[in-house]
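Enquirer: Build me a model from this:
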Amino acid sequence: MATLRSTAPHFVRCIIPNETKSPGVIDAALVMHQLTCNGVLEGIRICRKGFPNRMIYPDFKQRYTILAASAVPKGFVDAKKVCEAVLEAIQLDKNDYRLGNTKVFFRAGVLGRLEEMRDDRLAKIVTWLQASIRWYLSKKEFKKLQEQRVALLVIQRNLRKFLQLRNWLWYKLYIKVKPLLSMARVEDEMKELEDKLKKALESLEKEEKLRKDLEHQNVKLLQEKNDMFLQLDSERTGAGDLEERLAKTVSIKNDLEGQLQELQERLSSEEDAHTNLSSTKKKLEGEISNLKKELEDLQLVIQKAEQDKASKDHQIRNLNDEIAHQDELINKLNREKKQMQEMGQKTGEDLQATEDKLNHMNKVKAKLESTLDELEDSLSREKKLRGDVEKNKRKVEGDLKLAQEAVADLEKNKKELEQGLQRKEKEMSSLAAKLEDEQSLVAKLQKQIKELQAVPSLFFSLCPSSSPKRQQESQNFPPRVTHCERRVILGVHFWNAQPRGSRRGYSVSPLALVLPYTLTPSRLVTFLGS
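Expert: Presented below is the predicted three-dimensional model:
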């Protein structure tokens, strides 16, 4: 369960180890059968054949470039090229990975090997770094010891020389005379030092004044910079959404303009084709009219020939040659007529096809004109939307100013509430202290009440009135003394007569607690005195 809670499994498969419910017994065939039926083995096989692990190129570059840093050139390089170079440098099998457009895919277990290689590489780098640091520190310490050794030798040599020369009279004279030689130059040196000091003070004052001016200018510039940054941040935050919406609107407008340009180009090409077809149609119509005229002429000729044939039918027997000639002429004319009819039919078909194509072009032109109208309408809507966006921008800026003022008021109210809360907390702490004092006083009073409740039984046990001696003493009291006052006085005498060890652990006499409630001080003094 701890493993399940620490991971994020997609599903859980329950496997029965055996059918006898015996602990520690695993039926291998039963477990294998369940894994096969559940599809776990098939899923593992598919996972091993596929590429379940994937990583985007920038993450791979950041994490695994350390495996082959020498294979990656310096400067900015595409993450995909870096990934390919690193995988080739570490000699990873090409069947274990695939390079996609934005990600690199790995087979199962390949990422684990890459992590182990990365850990080994990091361990080597850390070891080398630690060795270099220790070498540098040891070298520094050794150099310091060498300098100390040289310094010790110099000090020892100078001390030996001093011990040899300190009792020499000429050396003593040299020590006394040497300070006197430089006394003559002390005054000149003092004057020079004073002049240098004055110059240094003057330059220091100038530099101090210049420094103050520069600091003042720097403070002003920093203030202006902060104000400008604050203004820039407010403008950025306020105009961010509007810029995004404006960018979307501009992109939509650019797309629509591109579509409009394409449609205009197509419209111009269709218009050119339409003009060409119109000119072709005119040419064909002229040719058709010419052919119709020729056909009419031929029909007239045929009619004349038929008339001649009809008129000369009576001369057939006598004019066989002329009839044969006329037959040949008629056959020839028939052939020409047939050719003309075929040409007229073909021309009619071409004319019909041209008319159909012209109708289709007219439909396309109407469709393009409607599309152009729609695009113009959408462009006008976009312009209107842009005006609305600018209007909303001004409105948002006004709302932002109002919101800033409201935030300032809320912060002021918050400060006042915090101050009031602090005052209330102080009052609560003082009330809590008073409550603790009252509780301690109540506990003390409750303790006294318990002791007072225990006094009567103790008192009556200490001074029983049934003894003959107490009865005799009680008879000696004056008649004005009450029965309770008699018992109290007898109890006082009895308490004083008791040894200290037998007073049952009371530090104060219980009678001292009950006397104020039974006797007044004057009566108690009177009775005790009597």
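Enquirer: hang on, isn't residue 47 packed against residue 108?
Expert: Yes. Counting by C-beta atoms under 8 Å, residue 47 does reach residue 108; the two are 5.5 Å apart. For glycine as for every other residue, the C-beta is placed from the backbone atoms N, C-alpha and C.
Enquirer: Please enumerate the helices of the chain.
Expert: 2-6, 28-38, 40-49, 57-64, 79-89, 110-165, 169-181, 184-311, 320-462, 468-475, 483-497, 510-518, 521-529 (DSSP state H).
Enquirer: Could you list every helix and strand in contact with the fourth one?
Expert: In this structure, helix 57-64 packs against helix 79-89, strand 103-106, helix 110-165, with contacts taken as 3 or more C-beta pairs under 8 Å, 6 or more residues apart in numbering; DSSP states H and E.
Enquirer: and it, C-alpha only, in CSV?
Expert: Below are the C-alpha coordinates for helix 57-64, written out as CSV (Å, rounded to 0.1, in the frame of the first residue of the first chain):
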residue,chain,number,x,y,z
TYR,A,57,14.6,17.8,-27.0
PRO,A,58,15.4,20.8,-24.6
ASP,A,59,15.0,18.6,-21.5
PHE,A,60,17.3,16.0,-23.0
LYS,A,61,19.8,18.6,-24.0
GLN,A,62,19.8,20.1,-20.4
ARG,A,63,20.1,16.7,-18.6
TYR,A,64,22.2,14.5,-20.8
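Enquirer: Mean confidence (pLDDT) on that helix, please.
Expert: The average pLDDT for helix 57-64 rounds to 92.
Enquirer: neighbouring contacts of that helix?
Expert: Contact with helix 57-64 is made by 79, 80, 82, 83, 86, 102, 103, 104, 114, 118, as judged by C-beta atoms under 8 Å, 6 or more residues apart in numbering.
Enquirer: switch to 10 Å and redo it
Expert: 54-55, 72, 77-84, 86-87, 90, 99-104, 106, 111, 114-115, 117-118, 121 (C-beta atoms under 10 Å, 6 or more residues apart in numbering).
Enquirer: And the buried ones among those, selectable in ChimeraX?
Expert: Buried subset of the contacts of helix 57-64, written as a ChimeraX selection, criterion 16 or more other C-beta atoms under 10 Å:
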select :55,72,79,80,82,83,84,86,87,103,104,106,111,114,117,121
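Enquirer: rewinding a little: dump the helices of the chain to JSON lines, plus distance to residue 18.
Expert: Listed next are the helices of the chain as JSON lines, based on distance: least, C-beta to C-beta, whole Å:
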{"stretch": "helix 2-6", "distance to residue 18": "23"}
{"stretch": "helix 28-38", "distance to residue 18": "7"}
{"stretch": "helix 40-49", "distance to residue 18": "18"}
{"stretch": "helix 57-64", "distance to residue 18": "45"}
{"stretch": "helix 79-89", "distance to residue 18": "46"}
{"stretch": "helix 110-165", "distance to residue 18": "33"}
{"stretch": "helix 169-181", "distance to residue 18": "107"}
{"stretch": "helix 184-311", "distance to residue 18": "64"}
{"stretch": "helix 320-462", "distance to residue 18": "67"}
{"stretch": "helix 468-475", "distance to residue 18": "93"}
{"stretch": "helix 483-497", "distance to residue 18": "87"}
{"stretch": "helix 510-518", "distance to residue 18": "81"}
{"stretch": "helix 521-529", "distance to residue 18": "96"}
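Enquirer: out of those helices, nearest to residue 17?
Expert: Taking C-beta to C-beta, helix 28-38 is the member of the helices of the chain nearest to residue 17, at 6.6 Å.
Enquirer: Quick check: which of the helices and strands packed on helix 57-64 is buried the most?
Expert: Stretch with highest mean neighbour count among the helices and strands packed on helix 57-64: strand 103-106 (a mean of 20; mean count of other C-beta atoms under 10 Å).
Enquirer: Low-confidence ranges, the stretch 401-530 of the chain, go.
Expert: Applying pLDDT under 70 to the stretch 401-530 of the chain flags residues 452-530.
Enquirer: Could you rerun that using 80?
Expert: 402-404, 406-408, 410, 413-414, 420, 432, 446, 448-530 (pLDDT under 80).
Enquirer: shared neighbours, residue 47 and residue 108?
Expert: residue 53.
Enquirer: With residue 345 as the reference, measure out to residue 359.
Expert: To residue 345, residue 359 is 21 Å away according to C-beta to C-beta, to the nearest Å.
Enquirer: Next: residue 290.
Expert: 16 Å.
Enquirer: what does residue 360 give?
Expert: Residue 360 is 23 Å from residue 345, by C-beta to C-beta.
Enquirer: how about the helices and strands packed on helix 57-64, which one is nearest residue 25?
Expert: Using C-beta to C-beta, the helices and strands packed on helix 57-64 put helix 110-165 closest to residue 25, at 32.5 Å.
Enquirer: Mind giving me the packing neighbours of the closest one?
Expert: Counting contacts by 3 or more C-beta pairs under 10 Å, 6 or more residues apart in numbering; DSSP states H and E, helix 110-165 packs against strand 53-56, helix 57-64, strand 97-99, strand 103-106, helix 169-181.
Enquirer: hang on, residue 306 packs against residue 337?
Expert: No. Counting by C-beta atoms under 10 Å, residue 306 does not reach residue 337; the two are 11.8 Å apart.
Enquirer: Those two: which has the busier surroundings?
Expert: Neighbour totals were compared for residue 306 and residue 337, and residue 337 leads with 16 against 12 (other C-beta atoms under 10 Å).
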